[in-house]
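Asks: I would like the atomic coordinates for the input below:
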Amino acid sequence: MLQKFEGGKGYSPAVTIRANGDIGLNRGVVIRYCQPEINVAELYYDESNEVIAILPVVANGNTDELLTSGAIKVRSDGANAGVTLPAKAFCDRFGIDYSRKRVVKTDGIKLDDGTYEMDGLILVALTHEVRRE
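Replies: Purely as a prediction, here's the structure:
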């Protein structure tokens, strides 16, 4: 069956650390690694390996309990787009540079293979940065 291409942006997974400290997950990451309804996320950092771990959560109903335990509210970037995690405090806490926009592409993004023993973690290897603006 033929499927018509409707245009739009590519779906190659990329994570962007923006110059304001926000972490952006493009549509490719959302489609491949989490549910589009993601509305909360927990962030972790492995300093020795320079890996950010993101645990996406679809919180049904009240998110207050999750937010008081350190999770952050996720902002949608619009229909058929990615999501933004306001992460300046996280970056400041762990000394993650956000002075310029940094992009990590597909080979630096994967699901946890058991290294961190948490299901559903999206791992972002900062050592796989492909572009800095």
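Asks: residues touching the residue nearest the centre of the chain, list them.
Replies: Central residue of the chain (CA atoms, centre = their mean): residue 25, 4.3 Å from the mean position. By CB atoms under 8 Å, 6 or more residues apart in numbering, the contact set of residue 25 is 15, 34, 54, 82-85, 122. Placement of C-beta: from N, CA and C, glycine included.
Asks: switch the cut-off to 10 Å
Replies: 13-16, 33-34, 38, 41, 54, 56, 74, 77, 81-85, 109, 122, 124 (CB atoms under 10 Å, 6 or more residues apart in numbering).
Asks: can you select the buried ones from the residues you listed in PyMOL?
Replies: A single PyMOL command selects the buried members of the contacts of residue 25 (16 or more other CB atoms under 10 Å):
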select buried, resi 13+14+15+16+33+34+38+41+54+56+74+81+82+83+84+85+109+122+124
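Asks: tally of neighbours for the closest residue to residue 127 other than its chain neighbours?
Replies: Spatial nearest neighbour of residue 127, chain neighbours left out: residue 50 (5.3 Å); criterion: CB to CB, 6 or more residues apart in numbering. Counted with other CB atoms under 10 Å, residues neighbouring residue 50 total 16.
Asks: hang on, residue 50 packs against residue 102?
Replies: No - contact between residue 50 and residue 102 fails when scored by CB atoms under 10 Å: they sit 11.5 Å apart.
Asks: what touches both of those two?
Replies: In contact with both residue 50 and residue 102: 96, 126, 129, using CB under 10 Å, 6+ apart.
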